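In: Sequence plus the predicted model coming up.
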Amino acid sequence: MRILFRNKLRGKWVLSLIICGIILIQNINQVTGVDYENISSIEAKNRLEIDPNIFLLDVRSSYEFYEDGHILGAININVYYLSYSKEILPSSNETGILVYCDDGLRSKTAAQKLCEYGYNNVSNMEDGFNGWKDNGFPYIIGTDPSQTSDPVPWKVLNFSSCFALLILTIAIRSRKNKK
């Protein structure tokens, strides 16, 4: 009788833990503070057609952005430099932000960061730019909106990008010298 009671009690504890785990998993976005949604490239295209004010953020490298192509109107901020480029992001936390990369992995990280920065209307294009192209949606290569097939042969660095490159080089060298 005693063993039967212990097994029933143990079973209730296990069941309680499973239920708590399920509730936690269902509310994981609220627990971690991450509150973005994953959408397909089809849904992203529909939203961009309906609301042209959506801030479209491409978090791939600048090489991928120019050479592989990008969605017209996208702003390119590499996911690794997102925290250094907050001044480029929308001033209002209510502005809709649509984030994409090649396959939805880096954009997931960026969407999470944007939510941590206080933005509450963030969407991640989970199939990424590859999904966009696979669906046959329009995109541009280089900087010319009419160009859709030939990549730009070279890029001109502006003053701010040269300055950023200089600062980055100095920082890397100073770290090497400290070691």
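Out: Arrived safely.

In: Let me know the average pLDDT across stretch 48-58.
Out: Averaging pLDDT along stretch 48-58 gives 93.

In: Just the residues contacting it, thanks.
Out: Outside of stretch 48-58, the residues within contact range by CB atoms under 8 Å, 6 or more residues apart in numbering are 47, 65, 70-71, 73-77, 89-90, 95-101, 110, 129. To be clear about C-beta, it is placed using only N, CA and C from the backbone, and glycine gets the same treatment.

In: Restricted to helices, list these.
Out: 47, 110, 129 (DSSP state H).

In: ChimeraX command for the buried members of the contacts of stretch 48-58?
Out: One line in ChimeraX is enough to select the buried members of the contacts of stretch 48-58, burial here meaning 16 or more other CB atoms under 10 Å:
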select :47,65,70,71,74,75,76,77,89,90,96,97,98,99,100,101,110,129
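
In: tell me the domain boundaries of this protein?
Out: For the chain, automatic domain parsing gives the domain ranges 1-29, 33-169.

In: ok, of those, where does mean pLDDT dip lowest?
Out: Of all the domains of the chain, the minimum mean pLDDT falls on domain 1-29 (a mean of 53).

In: Quick check: nearest residue in space to Ile77, chain neighbours excluded?
Out: The spatially closest residue to Ile77, leaving aside those adjacent along the chain, is Ser85, at 4.7 Å (CB to CB, 6 or more residues apart in numbering).

In: Ser83 now?
Out: In space, and not counting its chain neighbours, Ser83 is closest to Lys113: 7.0 Å by CB to CB, 6+ apart.

In: Verify the stated contact: that neighbour with Tyr84.
Out: No. Distance between Lys113 and Tyr84: 11.6 Å, which falls outside the contact criterion (CB atoms under 8 Å).

In: Please consider this matter closed, and thank you.
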